[in-house]
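Asker: The following block contains a protein sequence and its predicted model.
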Amino acid sequence: MANRWSGFVFLALLLLNPAWAQMGSHLKEQFQDAEKHGIRVVGRISEIRGAIHDPSVKLLCLQSFGDTLPAETQSELLDWVRSGRTVWFYDARLAPQFGMKAYFLEAEQFKNKPEDGVLGNGKRAGLATVAISHGNHAVQTGVGQVTVFLPEMAGEKDKSPKLYGAVEAAGDTVPLLQFALDSPALMALRRDGRGLIVYKTLLWNEPLSGDRFQANLLDFSAGFQVPGPAGEGKVGAPPGPEAEYATGSPAVPLTSTGQVPAASNPSTVAALPPSQSKGKHSFSLELKDGTTLWGELQGDILKFETGKGSLKLKPAEIDRLEFGSSIKLDKVTTLSGKTESGLLMTTPLKFRTDRGVEEFEKEDLEFLQRSVDP
(Lines give C-alpha, C1' and ligand atoms only; values in the text may rest on other atoms or scores of the structure.)
Protein backbone atom coordinates (compact mmCIF):
# COMPACT_ATOMS: atom_id res chain seq x y z
CA MET A 1 0.00 0.00 0.00
CA ALA A 2 2.90 2.35 0.67
CA ASN A 3 3.09 5.16 -1.92
CA ARG A 4 0.27 3.56 -3.87
CA TRP A 5 -1.23 6.89 -4.89
CA SER A 6 1.80 9.15 -4.49
CA GLY A 7 2.44 9.37 -8.22
CA PHE A 8 -0.85 11.16 -8.67
CA VAL A 9 -0.12 13.92 -6.16
CA PHE A 10 2.39 16.65 -7.00
CA LEU A 11 3.34 18.35 -3.76
CA ALA A 12 5.13 21.12 -5.62
CA LEU A 13 1.68 22.50 -6.39
CA LEU A 14 1.48 23.49 -2.73
CA LEU A 15 4.25 25.99 -3.29
CA LEU A 16 3.98 27.08 -6.90
CA ASN A 17 1.52 29.47 -8.54
CA PRO A 18 -0.66 30.12 -5.45
CA ALA A 19 -3.10 32.16 -7.52
CA TRP A 20 -3.94 29.38 -9.99
CA ALA A 21 -7.66 29.11 -10.66
CA GLN A 22 -8.67 31.89 -8.28
CA MET A 23 -12.15 32.99 -9.22
CA GLY A 24 -12.67 36.19 -11.16
CA SER A 25 -15.04 38.85 -9.89
CA HIS A 26 -17.75 37.90 -12.41
CA LEU A 27 -17.84 34.30 -11.21
CA LYS A 28 -17.82 35.32 -7.54
CA GLU A 29 -20.94 37.38 -8.16
CA GLN A 30 -22.80 34.21 -9.21
CA PHE A 31 -22.60 32.72 -5.70
CA GLN A 32 -24.90 33.43 -2.77
CA ASP A 33 -24.04 35.97 -0.10
CA ALA A 34 -22.64 34.43 3.10
CA GLU A 35 -25.69 35.29 5.21
CA LYS A 36 -27.88 33.05 3.02
CA HIS A 37 -25.92 29.92 3.91
CA GLY A 38 -27.32 29.60 7.45
CA ILE A 39 -24.06 28.13 8.82
CA ARG A 40 -23.49 27.11 12.42
CA VAL A 41 -20.05 25.77 13.42
CA VAL A 42 -19.97 23.60 16.56
CA GLY A 43 -16.86 22.24 18.22
CA ARG A 44 -18.56 19.95 20.73
CA ILE A 45 -21.14 17.18 20.42
CA SER A 46 -23.07 18.85 23.24
CA GLU A 47 -23.70 21.88 21.01
CA ILE A 48 -25.55 19.94 18.30
CA ARG A 49 -29.01 19.93 19.86
CA GLY A 50 -29.14 23.69 20.33
CA ALA A 51 -27.97 24.28 16.76
CA ILE A 52 -30.48 22.02 15.02
CA HIS A 53 -33.36 23.53 17.00
CA ASP A 54 -32.51 26.95 15.59
CA PRO A 55 -34.72 27.39 12.49
CA SER A 56 -32.17 29.73 10.87
CA VAL A 57 -29.54 26.95 10.66
CA LYS A 58 -29.35 25.23 7.26
CA LEU A 59 -25.79 23.94 7.48
CA LEU A 60 -24.21 22.43 10.60
CA CYS A 61 -20.41 22.16 10.58
CA LEU A 62 -19.61 19.48 13.17
CA GLN A 63 -15.93 20.08 13.95
CA SER A 64 -15.89 17.93 17.08
CA PHE A 65 -12.80 15.74 16.98
CA GLY A 66 -12.18 12.53 18.91
CA ASP A 67 -15.65 12.51 20.52
CA THR A 68 -18.37 9.88 20.19
CA LEU A 69 -21.85 10.69 18.91
CA PRO A 70 -24.46 9.37 21.36
CA ALA A 71 -27.32 7.37 19.84
CA GLU A 72 -29.97 9.90 20.84
CA THR A 73 -28.00 12.80 19.35
CA GLN A 74 -27.28 10.81 16.18
CA SER A 75 -30.98 10.08 15.78
CA GLU A 76 -32.01 13.72 16.19
CA LEU A 77 -29.28 14.89 13.82
CA LEU A 78 -30.20 12.39 11.11
CA ASP A 79 -33.87 13.32 11.35
CA TRP A 80 -32.89 17.00 11.03
CA VAL A 81 -30.80 16.20 7.94
CA ARG A 82 -33.61 14.16 6.40
CA SER A 83 -35.92 17.15 6.73
CA GLY A 84 -33.77 18.99 4.18
CA ARG A 85 -30.72 20.26 6.08
CA THR A 86 -26.97 19.59 5.70
CA VAL A 87 -24.28 18.41 8.10
CA TRP A 88 -20.55 18.56 7.47
CA PHE A 89 -18.47 16.28 9.72
CA TYR A 90 -14.68 16.36 9.93
CA ASP A 91 -13.75 13.27 11.98
CA ALA A 92 -13.61 10.11 9.83
CA ARG A 93 -14.19 8.00 12.94
CA LEU A 94 -17.81 9.23 12.89
CA ALA A 95 -18.32 8.06 9.27
CA PRO A 96 -20.29 4.88 10.12
CA GLN A 97 -22.83 6.97 12.05
CA PHE A 98 -23.48 8.94 8.87
CA GLY A 99 -23.73 5.95 6.50
CA MET A 100 -20.13 6.04 5.24
CA LYS A 101 -17.20 3.66 5.62
CA ALA A 102 -14.13 5.16 7.27
CA TYR A 103 -10.68 4.57 5.77
CA PHE A 104 -7.43 5.43 7.56
CA LEU A 105 -4.26 6.35 5.69
CA GLU A 106 -0.62 6.33 6.76
CA ALA A 107 1.62 9.21 5.69
CA GLU A 108 3.78 6.89 3.56
CA GLN A 109 0.86 6.23 1.21
CA PHE A 110 0.77 9.73 -0.30
CA LYS A 111 2.97 12.77 -0.78
CA ASN A 112 2.49 15.43 1.86
CA LYS A 113 3.90 18.31 3.84
CA PRO A 114 3.61 18.65 7.66
CA GLU A 115 1.22 21.43 8.68
CA ASP A 116 -0.88 22.56 11.63
CA GLY A 117 -4.53 23.48 11.38
CA VAL A 118 -7.29 24.78 13.65
CA LEU A 119 -10.17 22.33 13.90
CA GLY A 120 -13.00 22.62 16.39
CA ASN A 121 -11.68 24.00 19.64
CA GLY A 122 -7.97 23.63 19.10
CA LYS A 123 -4.89 23.48 16.94
CA ARG A 124 -4.01 20.10 15.49
CA ALA A 125 -0.96 18.62 13.81
CA GLY A 126 -1.46 17.07 10.40
CA LEU A 127 -0.44 16.97 6.75
CA ALA A 128 -1.08 19.13 3.71
CA THR A 129 -1.61 17.36 0.42
CA VAL A 130 -3.21 17.85 -2.98
CA ALA A 131 -6.38 16.03 -4.02
CA ILE A 132 -8.01 15.79 -7.43
CA SER A 133 -11.65 16.13 -8.49
CA HIS A 134 -12.42 13.20 -10.81
CA GLY A 135 -16.23 13.18 -10.90
CA ASN A 136 -19.06 15.23 -12.34
CA HIS A 137 -21.19 16.09 -9.30
CA ALA A 138 -22.43 19.69 -9.25
CA VAL A 139 -20.06 20.45 -6.35
CA GLN A 140 -17.14 19.49 -8.62
CA THR A 141 -18.07 21.98 -11.34
CA GLY A 142 -14.98 23.93 -12.42
CA VAL A 143 -12.79 22.13 -9.87
CA GLY A 144 -9.47 20.50 -10.77
CA GLN A 145 -7.13 20.17 -7.78
CA VAL A 146 -7.50 21.32 -4.19
CA THR A 147 -4.96 21.65 -1.38
CA VAL A 148 -6.33 20.05 1.80
CA PHE A 149 -5.32 19.53 5.43
CA LEU A 150 -5.58 16.07 7.02
CA PRO A 151 -5.41 16.12 10.86
CA GLU A 152 -3.77 13.29 12.78
CA MET A 153 -6.27 10.62 13.82
CA ALA A 154 -4.03 8.42 15.97
CA GLY A 155 -0.51 8.00 17.18
CA GLU A 156 -0.51 11.37 18.93
CA LYS A 157 0.34 10.04 22.39
CA ASP A 158 2.22 6.83 21.65
CA LYS A 159 4.57 5.31 19.11
CA SER A 160 1.90 3.75 16.89
CA PRO A 161 1.71 4.96 13.27
CA LYS A 162 -0.05 8.27 12.76
CA LEU A 163 -3.26 7.87 10.77
CA TYR A 164 -5.21 10.30 8.61
CA GLY A 165 -8.90 10.08 7.85
CA ALA A 166 -10.72 9.40 4.60
CA VAL A 167 -13.83 7.49 3.53
CA GLU A 168 -14.40 4.70 1.04
CA ALA A 169 -16.28 5.26 -2.19
CA ALA A 170 -18.85 2.65 -1.15
CA GLY A 171 -22.64 2.48 -1.18
CA ASP A 172 -24.13 5.82 -2.22
CA THR A 173 -21.10 7.81 -1.04
CA VAL A 174 -20.00 10.19 -3.82
CA PRO A 175 -16.25 10.92 -3.76
CA LEU A 176 -15.43 14.58 -4.35
CA LEU A 177 -11.66 14.76 -3.86
CA GLN A 178 -9.28 11.80 -4.22
CA PHE A 179 -5.66 11.03 -5.03
CA ALA A 180 -6.73 8.79 -7.93
CA LEU A 181 -9.88 7.09 -9.19
CA ASP A 182 -9.22 3.98 -7.09
CA SER A 183 -8.23 5.78 -3.88
CA PRO A 184 -10.40 6.61 -0.85
CA ALA A 185 -12.05 10.03 -0.75
CA LEU A 186 -10.61 12.92 1.24
CA MET A 187 -13.96 14.68 0.83
CA ALA A 188 -17.26 13.02 -0.06
CA LEU A 189 -21.01 13.38 0.25
CA ARG A 190 -24.20 11.36 0.28
CA ARG A 191 -27.88 12.29 0.13
CA ASP A 192 -30.11 11.17 3.01
CA GLY A 193 -33.81 11.98 2.94
CA ARG A 194 -34.17 15.54 1.66
CA GLY A 195 -30.83 16.52 3.14
CA LEU A 196 -27.11 16.11 2.63
CA ILE A 197 -24.21 14.59 4.60
CA VAL A 198 -20.67 15.73 3.76
CA TYR A 199 -17.38 14.29 4.97
CA LYS A 200 -15.20 17.38 4.99
CA THR A 201 -11.66 18.36 5.83
CA LEU A 202 -10.04 21.77 5.93
CA LEU A 203 -8.72 23.29 2.72
CA TRP A 204 -6.78 26.27 1.49
CA ASN A 205 -9.02 28.50 -0.60
CA GLU A 206 -6.56 30.37 -2.79
CA PRO A 207 -4.19 27.73 -4.25
CA LEU A 208 -5.48 25.70 -7.18
CA SER A 209 -9.30 25.31 -7.27
CA GLY A 210 -9.89 25.72 -3.53
CA ASP A 211 -11.96 28.89 -3.87
CA ARG A 212 -14.28 27.38 -6.46
CA PHE A 213 -14.69 24.11 -4.56
CA GLN A 214 -15.51 25.80 -1.26
CA ALA A 215 -17.99 28.19 -2.88
CA ASN A 216 -19.70 25.33 -4.76
CA LEU A 217 -19.97 23.22 -1.60
CA LEU A 218 -21.32 26.09 0.51
CA ASP A 219 -24.03 27.05 -1.98
CA PHE A 220 -25.08 23.48 -2.69
CA SER A 221 -25.14 22.51 0.99
CA ALA A 222 -27.36 25.52 1.77
CA GLY A 223 -29.89 24.49 -0.88
CA PHE A 224 -28.77 26.49 -3.93
CA GLN A 225 -27.67 25.38 -7.37
CA VAL A 226 -24.09 26.24 -8.30
CA PRO A 227 -22.83 28.30 -11.27
CA GLY A 228 -22.13 26.35 -14.44
CA PRO A 229 -18.62 25.56 -15.75
CA ALA A 230 -18.14 29.01 -17.29
CA GLY A 231 -20.11 30.79 -14.58
CA GLU A 232 -23.23 30.86 -16.74
CA GLY A 233 -26.43 29.13 -15.72
CA LYS A 234 -26.97 26.97 -12.65
CA VAL A 235 -26.49 23.22 -12.16
CA GLY A 236 -27.31 20.56 -9.59
CA ALA A 237 -30.27 19.31 -7.53
CA PRO A 238 -29.46 20.62 -4.04
CA PRO A 239 -30.96 19.46 -0.72
CA GLY A 240 -33.80 21.32 0.94
CA PRO A 241 -37.28 20.93 2.48
CA GLU A 242 -38.80 20.64 -1.00
CA ALA A 243 -36.15 18.31 -2.45
CA GLU A 244 -37.00 14.79 -3.57
CA TYR A 245 -36.71 12.32 -0.68
CA ALA A 246 -33.72 9.99 -1.18
CA THR A 247 -33.62 6.59 0.54
CA GLY A 248 -30.21 5.77 -0.92
CA SER A 249 -27.87 2.88 -0.17
CA PRO A 250 -25.64 3.89 2.75
CA ALA A 251 -22.37 1.99 2.98
CA VAL A 252 -23.18 1.39 6.65
CA PRO A 253 -26.89 0.81 7.48
CA LEU A 254 -28.59 3.71 9.26
CA THR A 255 -31.78 4.10 11.25
CA SER A 256 -33.20 6.87 13.40
CA THR A 257 -36.25 7.38 15.59
CA GLY A 258 -39.38 7.07 13.50
CA GLN A 259 -37.40 6.06 10.41
CA VAL A 260 -37.03 2.70 8.71
CA PRO A 261 -33.63 1.55 7.39
CA ALA A 262 -32.59 3.19 4.16
CA ALA A 263 -33.79 1.44 0.99
CA SER A 264 -36.51 -0.30 2.99
CA ASN A 265 -40.18 0.31 3.67
CA PRO A 266 -42.50 -0.48 6.62
CA SER A 267 -43.88 -3.67 5.09
CA THR A 268 -40.39 -5.02 4.42
CA VAL A 269 -39.25 -4.30 7.96
CA ALA A 270 -42.32 -5.96 9.46
CA ALA A 271 -41.58 -9.13 7.50
CA LEU A 272 -38.00 -9.52 8.75
CA PRO A 273 -37.33 -12.58 10.94
CA PRO A 274 -36.23 -11.94 14.56
CA SER A 275 -32.56 -12.52 13.70
CA GLN A 276 -32.65 -9.52 11.35
CA SER A 277 -34.47 -7.08 13.63
CA LYS A 278 -32.01 -4.91 15.51
CA GLY A 279 -33.21 -5.09 19.11
CA LYS A 280 -30.54 -4.61 21.79
CA HIS A 281 -27.44 -6.15 20.24
CA SER A 282 -23.77 -5.20 20.16
CA PHE A 283 -22.94 -5.80 16.50
CA SER A 284 -24.37 -5.83 13.00
CA LEU A 285 -22.93 -8.42 10.61
CA GLU A 286 -23.17 -7.73 6.88
CA LEU A 287 -23.06 -10.79 4.59
CA LYS A 288 -21.89 -10.61 0.98
CA ASP A 289 -25.39 -11.52 -0.21
CA GLY A 290 -26.69 -8.27 1.34
CA THR A 291 -28.22 -9.85 4.46
CA THR A 292 -27.69 -7.95 7.72
CA LEU A 293 -27.80 -9.75 11.07
CA TRP A 294 -27.71 -8.22 14.54
CA GLY A 295 -26.35 -10.07 17.54
CA GLU A 296 -23.32 -10.84 19.68
CA LEU A 297 -19.80 -11.80 18.59
CA GLN A 298 -18.86 -15.07 20.28
CA GLY A 299 -15.50 -16.15 21.69
CA ASP A 300 -13.13 -14.65 24.22
CA ILE A 301 -10.41 -13.54 21.79
CA LEU A 302 -10.05 -12.78 18.08
CA LYS A 303 -6.56 -13.33 16.69
CA PHE A 304 -5.30 -10.96 14.02
CA GLU A 305 -1.91 -11.18 12.26
CA THR A 306 -0.39 -7.95 10.92
CA GLY A 307 2.96 -7.12 9.38
CA LYS A 308 4.05 -5.81 12.77
CA GLY A 309 3.02 -8.81 14.86
CA SER A 310 0.01 -10.59 16.38
CA LEU A 311 -3.04 -8.93 17.87
CA LYS A 312 -5.39 -10.57 20.34
CA LEU A 313 -8.57 -8.55 20.72
CA LYS A 314 -11.60 -9.10 22.89
CA PRO A 315 -14.99 -8.51 21.22
CA ALA A 316 -15.49 -5.57 23.60
CA GLU A 317 -12.42 -3.87 22.05
CA ILE A 318 -13.61 -4.09 18.43
CA ASP A 319 -15.48 -1.30 16.66
CA ARG A 320 -15.36 -2.57 13.07
CA LEU A 321 -13.96 -5.56 11.20
CA GLU A 322 -13.80 -5.55 7.41
CA PHE A 323 -13.29 -8.91 5.72
CA GLY A 324 -10.85 -8.96 2.81
CA SER A 325 -10.35 -11.33 -0.08
CA SER A 326 -7.56 -13.15 -1.88
CA ILE A 327 -6.20 -9.76 -3.00
CA LYS A 328 -7.26 -7.59 -0.08
CA LEU A 329 -6.29 -7.78 3.58
CA ASP A 330 -8.74 -7.88 6.46
CA LYS A 331 -8.94 -4.66 8.48
CA VAL A 332 -9.84 -4.17 12.13
CA THR A 333 -10.65 -0.87 13.90
CA THR A 334 -10.67 -0.79 17.68
CA LEU A 335 -12.87 1.37 19.90
CA SER A 336 -9.83 3.53 20.58
CA GLY A 337 -9.72 4.43 16.87
CA LYS A 338 -6.66 2.37 15.93
CA THR A 339 -6.84 0.54 12.59
CA GLU A 340 -4.70 -2.42 11.53
CA SER A 341 -4.61 -4.39 8.28
CA GLY A 342 -3.69 -8.07 8.20
CA LEU A 343 -5.29 -11.50 8.41
CA LEU A 344 -8.05 -12.58 10.77
CA MET A 345 -6.98 -15.97 12.07
CA THR A 346 -10.10 -16.77 14.10
CA THR A 347 -12.31 -18.63 11.64
CA PRO A 348 -15.06 -19.47 11.22
CA LEU A 349 -16.57 -16.46 12.92
CA LYS A 350 -19.17 -17.36 15.55
CA PHE A 351 -22.12 -14.98 15.86
CA ARG A 352 -25.15 -15.32 18.14
CA THR A 353 -28.46 -14.02 16.79
CA ASP A 354 -31.99 -14.44 18.14
CA ARG A 355 -32.10 -17.87 16.52
CA GLY A 356 -28.89 -19.14 18.14
CA VAL A 357 -25.15 -19.30 17.45
CA GLU A 358 -24.19 -19.49 13.77
CA GLU A 359 -20.79 -19.92 12.12
CA PHE A 360 -19.68 -17.94 9.09
CA GLU A 361 -16.64 -18.34 6.83
CA LYS A 362 -14.69 -15.17 6.03
CA GLU A 363 -15.39 -15.37 2.31
CA ASP A 364 -19.13 -15.05 3.01
CA LEU A 365 -18.77 -11.86 5.09
CA GLU A 366 -18.53 -8.18 4.18
CA PHE A 367 -18.05 -6.43 7.53
CA LEU A 368 -18.83 -6.51 11.24
CA GLN A 369 -19.81 -3.18 12.81
CA ARG A 370 -20.53 -2.23 16.41
CA SER A 371 -24.13 -1.12 16.43
CA VAL A 372 -25.64 1.88 18.15
CA ASP A 373 -29.01 1.04 19.67
CA PRO A 374 -31.65 3.77 19.42
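Answerer: Thanks, I have the structure now.

Asker: For the stretch 51-200 of the chain, give me the ranges with low pLDDT.
Answerer: Low-confidence regions of the stretch 51-200 of the chain, defined by pLDDT under 70, span residues 154-160.

Asker: and if we set it to 90?
Answerer: 65-68, 117-123, 153-162, 182 (pLDDT under 90).

Asker: Strands of that one, residue ranges please.
Answerer: Secondary structure of the stretch 51-200 of the chain (DSSP state E, counting those that start in this stretch): strands at 59-62, 86-89, 102-106, 113-119, 122-132, 145-154, 163-167, 174-178, 185-192, 195-199.

Asker: Can I get these in a markdown table including distance to Gly248?
Answerer: Quick note: C-beta positions are derived from backbone N, CA and C, even for glycine. Converted to a markdown table, these look like this (distance: least, Cβ to Cβ, whole Å):
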| stretch | distance to Gly248 |
| --- | --- |
| strand 59-62 | 19 |
| strand 86-89 | 15 |
| strand 102-106 | 18 |
| strand 113-119 | 28 |
| strand 122-132 | 24 |
| strand 145-154 | 25 |
| strand 163-167 | 15 |
| strand 174-178 | 10 |
| strand 185-192 | 6 |
| strand 195-199 | 10 |
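
Asker: and of those, who's closest to Leu293?
Answerer: For the strands of the stretch 51-200 of the chain, the distance to Leu293 is smallest for strand 102-106, at 21.4 Å, taking Cβ to Cβ.

Asker: Quickly run through the sheet partners of that closest one, with directions.
Answerer: Take DSSP bridges as the rule and strand 102-106 pairs in its sheet with strand 163-167 (antiparallel).

Asker: I am assuming Leu285 contacts Phe351, so please confirm or correct that.
Answerer: Yes: look at Leu285 against Phe351 with Cβ atoms under 8 Å: they come within range, at 5.5 Å.

Asker: and Gln214, which of the strands of the stretch 51-200 of the chain is closest to it?
Answerer: strand 145-154 (8.5 Å).

Asker: And Ser46, its phi and psi?
Answerer: According to degrees, to the nearest 10, the main-chain angles of Ser46 amount to phi -60, psi -10.

Asker: still on that earlier bit, for Arg44, which of the strands of the stretch 51-200 of the chain is the nearest?
Answerer: In terms of Cβ to Cβ, the element of the strands of the stretch 51-200 of the chain nearest to Arg44 is strand 59-62, at 9.4 Å.

Asker: I'd guessed Lys36 sits against Ser221; true?
Answerer: No: look at Lys36 against Ser221 with Cβ under 8 Å: they stay out of range, at 11.5 Å.

Asker: I figured Gly165 hits Phe104, correct?
Answerer: Yes: counting by Cβ under 8 Å, Gly165 does reach Phe104; the two are 6.3 Å apart.

Asker: which one of these two has more residues nearby?
Answerer: Remark: of Gly165 and Phe104, Gly165 carries more neighbours, 26 against 22, as counted by other Cβ atoms under 10 Å.

Asker: Apart from its neighbours in sequence, what residue is nearest the more buried one?
Answerer: Distances taken as Cβ to Cβ, 6 or more residues apart in numbering put Ala92 closest to Gly165, at 2.8 Å, once the chain neighbours are dropped.

Asker: Look up how far Gly309 lies from the one you found.
Answerer: Between Ala92 and Gly309 the distance is 25 Å, computed by Cβ to Cβ, to the nearest Å.

Asker: sec struct for Asp211, please.
Answerer: Look at Asp211: counting by DSSP: H, G, I helix; E, B strand; the rest coil, its state is helix.

Asker: any idea how far it lies from Leu218?
Answerer: Taking Cβ to Cβ, one finds Asp211 at 11 Å from Leu218.

Asker: follow-up on the earlier one: determine the number of other residues adjacent to the residue nearest to Gly165.
Answerer: Neighbours of Ala92 (other Cβ under 10 Å): 27.

Asker: Help me confirm that it comes into contact with Tyr199.
Answerer: Yes: in this structure, Ala92 is within contact of Tyr199 by Cβ under 8 Å, at 6.9 Å.

Asker: and Ser25, which of the strands of the stretch 51-200 of the chain is closest to it?
Answerer: Closest among these, once you apply Cβ to Cβ, is strand 145-154, at 21.1 Å.

Asker: For the closest one, could you pull out the residues that count as buried?
Answerer: By 16 or more other Cβ atoms under 10 Å, the buried positions in strand 145-154 come out as Gln145, Val146, Thr147, Val148, Phe149, Leu150, Pro151, Glu152, Met153, Ala154.

Asker: again with stretch 282-300
Answerer: Applying a neighbour-count criterion of 16+ other Cβ under 10 Å, one finds Phe283, Ser284, Leu285, Glu286, Thr292, Leu293, Trp294, Gly295, Leu297 buried in stretch 282-300.

Asker: And stretch 112-128, by the same measure?
Answerer: Buried residues in stretch 112-128, counting neighbours by 16+ other Cβ under 10 Å, are found at Asn112, Glu115, Gly117, Leu119, Gly120, Arg124, Gly126, Leu127, Ala128.

Asker: Now for Leu217: which residues touch it?
Answerer: Applying Cβ atoms under 8 Å, 6 or more residues apart in numbering, we find Leu217 in contact with Val139, Leu176, Val198, Lys200.

Asker: could you list every residue that touches the third one?
Answerer: Neighbouring residues of Val198 by Cβ under 8 Å, 6+ apart: Thr86, Val87, Trp88, Phe89, Met187, Ala188, Leu189, Leu217, Ser221.

Asker: what's the distance between the residue lying closest to Thr129 once chain neighbours are set aside and Lys162?
Answerer: Nearest residue to Thr129, sequence neighbours excluded (Cβ to Cβ, 6+ apart): Asn112, at 4.5 Å. Taking Cβ to Cβ as the measure, Asn112 falls 11 Å from Lys162.

Asker: residue ranges of the helices in the protein, please?
Answerer: Secondary structure of the chain (DSSP state H): helices at 25-28, 48-52, 71-82, 210-221, 266-270.
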